[in-house]
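Chemist: One predicted model, sequence on top.
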Amino acid sequence: MTERAQTRADPAYRVFVSYIDKSRDYYAAQGYERPYRWAHNDEAPFTPLAKPLSESRLGVVTTALGGSIPDDVDPDTLPIKAAYATPLDPIPERLYTMSLSWDKEATHTDDLDSYFPIRRLRELVAGGGLGSISPRFYGVPTEYGHRITRDVDAPQLLEYMRQDQVDVALLIPL
Amino acid sequence: MSLAARHLEANGIPTVICGSARDIVEQAAVPRFLFTDFPLGNPMGKPYNVDMQQAITAMAVNLLESAAYPRTTVQAPFAWGDDAWKARYMRVDDSNRDALREAGEKRRERQARAKAEGRVRSA
């Protein structure tokens, strides 16, 4: 085998990672007895665009926390989770991602645009591919219980977007 | 995040999710999904790779317009380059079983403390 072949995923298995399988085994090994029940729906809603992208205002949503929290903060002092809306001017230098489950061995989140592409979106607007970006960006925390997301955070997010007259949304979970 | 996208969409705001946990997002059933087959953390492109980030961002935004049906998944045409992370992330084997059990106990202690101190929301 060449070196290249050794680093490719084995096609005898699913070549994309199943995080449902992985996390079930991982948390079982951590001593959690009841596996997590992931959201499962048979159908998805669908709303066609009301106007062209070049005339639409886009809102960006992240699972990261705003507010310039340092990476080495004591996790016990983090604010209670809640949806938020924060002005995009100035562009945040960084967001806090350490409390989220991402692959801290394989990569890093030092480049904001790798998970919150605000500069890339501005370039898209400048090139005419998108009308505008909402003056605020939005955060929706990753919650264990579906009900808090569905009944508290999602309606709050909708309210923020209506206040900002957002036409379309880009949601980026880490 | 998938549940938030569904809520926006059901209330008239078209959405697209860009992410790397394909099974979780697809099982939740979302209107439009751009999948990047990368380690969790950089769904919009490799750090400091502006060209790749531009391409992925444009694909995500364009999917808002091009998707004709709900549950549309498109995969970004980029590979991380080395797939070793796929087996390594969240692995469980004899080398880390004890450490994981210990980490789980610490995590439960932390969660219990957060709950006792009123730092978690209840459903």
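Modeler: In hand now; what should we look at? On a predicted model such as this, the values are computed, not experimentally measured, just so you know.
Chemist: from here on, contacts and neighbour counts on C-alpha atoms
Modeler: Noted.
Chemist: which residues in chain B form helices?
Modeler: For chain B, the helices defined by DSSP state H occupy B:2-10, B:22-28, B:50-66, B:84-88, B:97-116.
Chemist: Correct me if wrong: A:Gly67 contacts A:Leu95.
Modeler: Yes. A:Gly67 is within contact range of A:Leu95, at 7.2 Å (criterion: CA atoms under 8 Å).
Chemist: quick one: A:Tyr160 is in a strand?
Modeler: No. Looking at A:Tyr160 with DSSP: H, G, I helix; E, B strand; the rest coil, it is helix, so not inside a strand.
Chemist: quick one: which of the helices of chain B is nearest A:Val166?
Modeler: Closest approach to A:Val166 among the helices of chain B is made by helix B:2-10 (10.6 Å; CA to CA).
Chemist: From the contact counts, what lies against the closest one?
Modeler: Contact here means 3 or more CA pairs under 8 Å, 6 or more residues apart in numbering or on different chains; DSSP states H and E; on that basis helix B:2-10 packs against helix A:154-163, strand B:15-19, helix B:22-28.
Chemist: If you average pLDDT per helix and strand, which one of chain A comes out bottom?
Modeler: Sorting the helices and strands of chain A by mean pLDDT, DSSP states H and E puts helix A:3-6 at the bottom, at a mean of 49.
Chemist: rewinding a little: which stretch among the helices of chain B is buried most, on average?
Modeler: Among those, ranked by average contacts under mean count of other CA atoms under 10 Å in any protein chain shown, first place goes to helix B:2-10 (a mean of 23).
Chemist: Run the angle between that helix and helix A:154-163 for me.
Modeler: Between helix B:2-10 and helix A:154-163, the angle comes out at 50 degrees (axes from the mean of the first three to the mean of the last three CA atoms, to 10 degrees).
Chemist: List of residues touching helix B:2-10?
Modeler: Contact with helix B:2-10 is made by A:39, A:44-47, A:140, A:146, A:149-150, A:153-155, A:157-158, A:171, B:14-17, B:25, B:28-31, as judged by CA atoms under 8 Å, 6 or more residues apart in numbering or on different chains.
Chemist: chain center to it, what's the gap?
Modeler: Distance of helix B:2-10 from its chain centroid, counting by CA atoms, centre = their mean, to the nearest Å, is 15 Å.
Chemist: Direction-wise, compare it with strand B:15-19 and give the angle.
Modeler: Interaxial angle of helix B:2-10 relative to strand B:15-19 (the same axes, to 10 degrees): 160 degrees.
Chemist: Name the spans of chain A whose pLDDT lies under the cut-off.
Modeler: A:1-6 (pLDDT under 70).
Chemist: if we can go back for a sec, so which of A:Gly67 and A:Leu95 has more stuff around it?
Modeler: Applying other CA atoms under 10 Å in any protein chain shown to A:Gly67 and A:Leu95 shows that A:Leu95 carries more neighbours, namely 22 against 11.
Chemist: wait, the more buried one sits on A:Asp71?
Modeler: No. Using CA under 8 Å, A:Leu95 is not in contact with A:Asp71; the gap is 9.3 Å.
Chemist: Among the contacts of helix B:2-10, name the buried ones.
Modeler: With neighbours counted by 16 or more other CA atoms under 10 Å in any protein chain shown, the contacts of helix B:2-10 contain buried members at A:44-47, A:140, A:146, A:149-150, A:153-155, A:157-158, A:171, B:14-17, B:25, B:28-31.
Chemist: could you check whether stretch A:51-71 is close to chain B?
Modeler: Yes. Legend: contact between stretch A:51-71 and chain B by CA under 8 Å from any CA of the partner chain is shown at A:52-53, A:63.
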